[in-house]
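Participant: 3D, please:
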Amino acid sequence: MPSSRTVTAVLGPTNTGKTHLAVERMLGHGSGMIGLPLRLLAREIYERVRQRAGDAAVALVTGEEKIIPALARYWICTVEAMPSDVDVPFLAIDEVQLCADFERGHIFTDRVLHRRGRDETMLLGAATMRPILERLLPGTTFVSRPRFSQLLYAGQKKITRLPRRSAIVAFSAEMVYATAELIRRQRGGAAVVLGALSPRTRNAQVALYQSGDVDYIVATDAIGMGLNMDVDHVAFASTRKFDGFQYRQLNPSELGQVAGRAGRYMNDGTFGVTGEADPFEPEMVERLEGHNFEAVRMLQWRNRELDFTSLDRLRQSLNLTPHLQGLTRAQPNADLLALEALARDAATHDLAQSRRDVERLWEVCQIPDYRNISNSEHAAIVSRIFQFLQTGSGFIDEDWFVRQLRFCENTHGDLDTLSNRISHIRTWTFVANRPDWLKAPLYWQSRAREIEDKLSDALHERLTQRFIDRRTSVLMRRLAQKEELMSTVEEDGAIRVEGEYVGRINGFLFVPDGAAEGAGARALKTAALSAVAAEISARAKAVAASADTDLKLTRDGQIIWNHAPVGRLEPGSTLLKPRASVIAGEQLSGSDREEVQQRLQKFVDRHIATVLEPLVKLEEGEGLEGISRGIAYRLVETLGVLPRDQVAEEVKSLSQDDRGKLRALGARFGAFNIYVPVLLKPAPTELRLLLWALGLQREGKLDLAALPQPPGQGLTSAAFDRSTPRGFYGVCGYRICGSRVVRIDMLERLADLIRERVFWRPRIAEEQRPAGSVEGGGFTVVPDMMSLVGCSGDDFLGILRSLDYRAQKRKVKRPAAAPPSQPDIADNPVAAADAPPPATATAEIEQIAPPTGGDISAPGSEASTDAAAPIDAAAAPVVDEIEIEVWWPKDTGPFRARAERQMRHAGHRRAAPMPSDGTSGPPSEAAPGDPGRPPRQGKGPRRGNRTRDEDGPADRKPRREGGKPPAAERKPAPEKPIDPDSPFAVLGALKAKLAGS
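Facilitator: Residues are numbered from 1 along each chain as shown. The predicted structure follows:
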């Protein structure tokens, strides 16, 4: 045992300045070290010394935090973390009476007996330690320090009648929380300190009390050691505690340690009881006031000379008993219990064979059990970490470590949940601070520290929200001093009175804080009203002078300014003229409110005129008269999408001039709808939906908040949702087709694609029949059609049926497989040029869709690729027939008219005529000599020449006198010479050249 000649024991009660004396003595030396009982107190002393000596000269070492400059001279440590390899001239150990503590006592005893400074060693603690220190450390110099102020007993008081600057002490979390809640309701709130809190949270709570934000602090006996607070009165709400083994009464020295926190420096303090605690007996009062306690008779001890040659020898050395009187072997703690559990585990036993292995195992067992879980659970974690260190790379697996940290990252939850996560992260912070357990210890130390700080801040916030009513506290203090309350408005609209949040201005509305209650809340709101009125008036002027770009109209009809709603749309006189109303309370009135309303109305009118410009022009109807003006009115009424069948007769009556005027205003005449294409874009669609919903809302059929979302942007079709209001999809620009809704412009493109195939005739002999066109008229389904509407199979067939297309079975000849000697045309351009065009039947089969009921694959799928594979008709002899499904439009008139005109414009010959009686579907067989022309139906005369347009059926016109003779009497028109530069002439010349060679 080291010599005790340089040891000085400074003993005395609380508030004697012992710790302050030790710090001053340490700074008087060139270097030094002080061991403190709490990480919390170590951080406080570190900050104090750092301000005196500078950052580069001071180190902080705790189990969970290490700040060690390269040239550190002063070391501030927790007693457990005092480094053993640092030799300093001065060394101090604080609160040495903890040598008798069952859990940590053996560590304090070891430091008292074996740690020394070269020149001076100082032991700080209660006077009860003097007899045993005299026996164990002969030659020690003892210094007694009297208390700076008196400590007096104040008797029993109700919690609600405790004086300001009081600390209420309880010994369970439930009692602490209940007491704090009662004080919050009656006196504005209290800070809370429990042993389970992290040091950062405890510091933050103490800071609330020290700053005067609250006048009360509710705590366990954790405040009895190391926490320096300006407490005038200590009230015991209970005098019983659970010490880890049983519930027991606090002994006089423990009560004195806590009661002694009352009074700071020269200010006297008082103590007493409150709540359910019984008043102290006179004898107890006398002992507490006079700091007269029984001396400590026994110190906890554990052998420090450990034998690491084997696991069994380590256990034996830990179980040795002391030889000095006054020392007793410490009870097994978490580290020893973990070692015993691991020693019984065969896998762990096998990994701890060498001396270094056993040392490493004991190091791992030193991990504190911050979580207070069962011994087996703690031992399992210790075992897992030891296995990582002894196998593989020799480091803890980082993926496993990340999972442990991730469990702690969540900052949501109640007080107990956050406290539990803090206990977990403190364990991993301790692990990360081991220098050789992780590959990147510095990174993981900062990561664990960051998580612990976040959790601590979240817990502090929860405690503050639950147990502190700052408004009431501030208000009561200011009202007691009869001072005027000061109100402020922050940039985000928050209203604060004397720095306390009382509500928020959202747009033009003042939203008071719902948590405010009672007389204090009414006073706060009254004090805030003047600031609210001035701010709302300023905002009204800003809105009145704002540009259109500062305002935004949402899909639910709200007008947003500065991220807050300031107005809303309401139905107006017409569909395109809704009314803008102001969202404001009674604070906005008079001319300010009127100016805002006028500004919002101008914004709405200009916004509609810009986004829905075609509709506005159609509503004005400049140059439109009669039927065309009626159709324009119907287009406006339906917000730009008008089903054609609703105005079929009116469209037939339109002249070409009227049609041109409507087209000039943006309208398009499609096969199924008359619509304005530009209005199908997302922004116009959203606005049209809003105007449509306003009309339904006026009729009480729809709430704007329940307006469904339109199909996703870019979708050509979507599943039909039957819960949507009637007319919803039409306004969105979609048509309901069976189980799907299809964008109307895609439907028109589909109709164009089908029309080209139904009436197809070649312009030149070499022209190939397009995919899907069937000889004899009609079409089969091909991938290009399905890709337009984004669906296949039964969904696509349902679309066709909804558009009045009808299917018919037809037999065509099947081509046989090509003989092996046939050259591959696809890979041989010369062979492709020489090959004859495909046979008619083969061209049909190439486009055949699966029979009814089969799966029609979407474009790009395997099935569609196979179906569209070309067949060499020249090499494949016809062997039999197959049955295919051919589709026809039910009403061929409009389709035939448009197809004929399109083919005339493109240079086509006259298309195959359709049945003259308007019946649906093709004839059963083609007329002789013309396989593409069906025979006439009925006995009526053929239709004469008619004038048609692209949008509707033709109107008959009588043949004029002296008109053209019948076709049989006309002379054939002379053939035009072939242009030698045309592609067809070049292709023919190339083929002739290849044939000659």
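Participant: Assign the residue nearest in space to the middle of the chain to helix, strand or coil.
Facilitator: Nearest to the mean C-alpha position of the chain, by Cα atoms, centre = their mean, lies N410 at 13.0 Å. Under DSSP: H, G, I helix; E, B strand; the rest coil, N410 falls in the coil class.
Participant: If you drop the residues flanking it in sequence, what lies closest to it?
Facilitator: R421 (7.1 Å; Cβ to Cβ, 6 or more residues apart in numbering). C-betas here are computed from N, CA, C, even on glycine.
Participant: List the contacts of the one you found.
Facilitator: F407, C408, N410, G413, L455 (Cβ atoms under 8 Å, 6 or more residues apart in numbering).
Participant: And the residues you listed, which is closest to A771?
Facilitator: The nearest member of the contacts of R421 to A771, counting by Cβ to Cβ, is N410 at 57.8 Å.
Participant: That closest one and I425: what is the separation?
Facilitator: From N410 across to I425, the span is 11 Å (Cβ to Cβ, to the nearest Å).
Participant: again with L194
Facilitator: 17 Å.
Participant: For the two, indicate the residue with more neighbours.
Facilitator: I425 (28 against 21; other Cβ atoms under 10 Å).
Participant: Is the more buried one in contact with I451, as I believe?
Facilitator: Yes - in this structure, I425 is within contact of I451 by Cβ atoms under 8 Å, at 5.2 Å.
Participant: Let me know how buried the residue nearest to L696 when sequence neighbours are not counted is, in neighbour terms.
Facilitator: Leaving aside its sequence neighbours, L696 sits nearest to L702 (Cβ to Cβ, 6+ apart; 3.8 Å). For L702, the neighbour count with other Cβ under 10 Å is 18.
Participant: With G326 instead?
Facilitator: For G326, the neighbour count with other Cβ under 10 Å is 17.
Participant: And for R52?
Facilitator: Neighbours of R52 (other Cβ under 10 Å): 12.
Participant: show me the contacts for it.
Facilitator: With Cβ under 8 Å, 6+ apart, R52 has these contacts: L27.
Participant: Over to G269?
Facilitator: G269 touches 15, 149-152, 231-234, 260-263, counting by Cβ under 8 Å, 6+ apart.
Participant: of those, buried ones?
Facilitator: Buried members of the contacts of G269, scored by 16 or more other Cβ atoms under 10 Å, are N15, L151, L152, V231, D232, H233, V234, G260, R261, A262, G263.
Participant: Not counting residues beside it along the chain, what's closest to the third one?
Facilitator: Distances taken as Cβ to Cβ, 6+ apart place T270 nearest to L152, at 5.1 Å, with adjacent residues excluded.
Participant: Show the pLDDT at the one you found.
Facilitator: T270 is assigned a pLDDT of 92 by the prediction.
Participant: circling back: and the residue nearest to L696, that's in a strand?
Facilitator: No - remark: L702 does not belong to a strand; assigned using three-state DSSP, it is coil.
Participant: Surely it is in contact with P725?
Facilitator: Yes - if you go by Cβ under 8 Å, L702 and P725 touch, sitting 5.7 Å apart.
Participant: Now do the shared contacts for the two.
Facilitator: Counting by Cβ under 8 Å, 6+ apart, the contacts common to L702 and P725 are L696.
Participant: after the helix or strand where R801 lies, next one along is what?
Facilitator: Assigned by DSSP states H and E, R801 belongs to helix 793-802. Next in sequence after helix 793-802, counting helices and strands by DSSP H and E, comes strand 805-815.
Participant: What strands flank that following strand, and is each parallel or antiparallel?
Facilitator: Using DSSP bridges, the strands paired with strand 805-815 are strand 878-889 (antiparallel).
Participant: Counting neighbours, which bits of the strand it pairs with end up buried?
Facilitator: I884, E885, V886, W887, W888, P889.
Participant: Stretch 556-565 now?
Facilitator: G557, Q558, I559, W561, A564, P565.
Participant: which ones are touching R43?
Facilitator: L60, T62, E65, P199, N203.
Participant: ok, 10 Å please
Facilitator: Residues in contact with R43, defined by Cβ atoms under 10 Å, 6 or more residues apart in numbering, are L36, L60, T62, E65, I67, I76, T78, P199, R200, N203.
Participant: Which members of those are positioned in helices?
Facilitator: P199, R200, N203 (DSSP state H).
Participant: Adding pLDDT and neighbour count, write those out as CSV.
Facilitator: Converted to CSV, the ones in helices among the contacts of R43 look like this (pLDDT from 0 to 100; neighbours: other Cβ atoms under 10 Å):
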residue, pLDDT, neighbour count
P199, 78, 21
R200, 84, 21
N203, 83, 18
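Participant: quick check, nearest of the residues you listed to E47?
Facilitator: Of the ones in helices among the contacts of R43, the one sitting nearest to E47 (Cβ to Cβ) turns out to be N203, at 10.5 Å.
Participant: quick one on the thing from earlier: so which strand or helix has the residue nearest to N410?
Facilitator: helix 415-432.
Participant: Turn the buried residues of stretch 556-565 into TSV, including secondary structure.
Facilitator: TSV is the format used below for those (three-state DSSP):
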residue	secondary structure
G557	coil
Q558	strand
I559	strand
W561	strand
A564	strand
P565	strand
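Participant: Make TSV out of these and add distance to A992 and pLDDT.
Facilitator: Shown next, in TSV, are the buried residues of stretch 556-565 (distance: Cβ to Cβ, whole Å; pLDDT from 0 to 100):
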residue	distance to A992	pLDDT
G557	72	90
Q558	74	91
I559	74	93
W561	76	92
A564	79	90
P565	77	92
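Participant: quick check, nearest of these to S792?
Facilitator: Among those, and counting by Cβ to Cβ, the member closest to S792 is G557, at 38.6 Å.
Participant: separation between the closest one and I608?
Facilitator: From G557 to I608 the distance is 13 Å (Cβ to Cβ).
Participant: Spell out which residues are contacts of both of the two.
Facilitator: L569, P578, L690, L691.
Participant: tell me the average confidence for the helix or strand containing L615?
Facilitator: Following DSSP H and E, one finds L615 within helix 613-620. The average pLDDT within helix 613-620 is 90.
Participant: Could I get the buried residue list for it?
Facilitator: So helix 613-620, judged by 16+ other Cβ under 10 Å, has buried residues E613, P614, L615, V616, K617, L618, E619.
Participant: where exactly do the strands run in the stretch 101-250 of the chain?
Facilitator: 120-125, 141-144, 151-157, 166-169, 191-193, 216-219, 233-236, 240-242, 247-249 (DSSP state E, counting those that start in this stretch).
Participant: can you put those strands in TSV and add distance to R111 and mean pLDDT?
Facilitator: Shown next, in TSV, are those (distance: least, Cβ to Cβ, whole Å; pLDDT from 0 to 100):
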stretch	distance to R111	mean pLDDT
strand 120-125	9	94
strand 141-144	18	93
strand 151-157	29	90
strand 166-169	29	91
strand 191-193	26	89
strand 216-219	27	90
strand 233-236	29	92
strand 240-242	26	83
strand 247-249	27	83
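Participant: Nearest to H323 among the shared contacts of G557 and I608?
Facilitator: Closest to H323, out of all of those and judged by Cβ to Cβ, is L690, at 90.8 Å.
Participant: Past the host helix or strand of that closest one, which element shows up next along the chain?
Facilitator: L690 is part of helix 682-698 when elements are defined by DSSP H and E. As assigned by DSSP H and E, the chain's next helix or strand after helix 682-698 is strand 717-719.
Participant: List the neighbouring strands of that following strand plus their orientation.
Facilitator: Strand 717-719 is paired, per DSSP bridges, with strand 740-743 (antiparallel).
Participant: and the partner strand, average pLDDT?
Facilitator: On average, strand 740-743 scores 92.
Participant: Convert the C-alpha atoms of that strand to PDB, please.
Facilitator: This file holds the C-alpha atoms of strand 740-743, laid out as PDB (Å, rounded to 0.1, in the frame of the first residue of the first chain):
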ATOM      1  CA  ARG A 740     -61.300   1.000 -67.500                       C
ATOM      2  CA  VAL A 741     -61.300   4.700 -68.000                       C
ATOM      3  CA  VAL A 742     -59.400   5.900 -71.100                       C
ATOM      4  CA  ARG A 743     -58.000   9.300 -72.000                       C
END
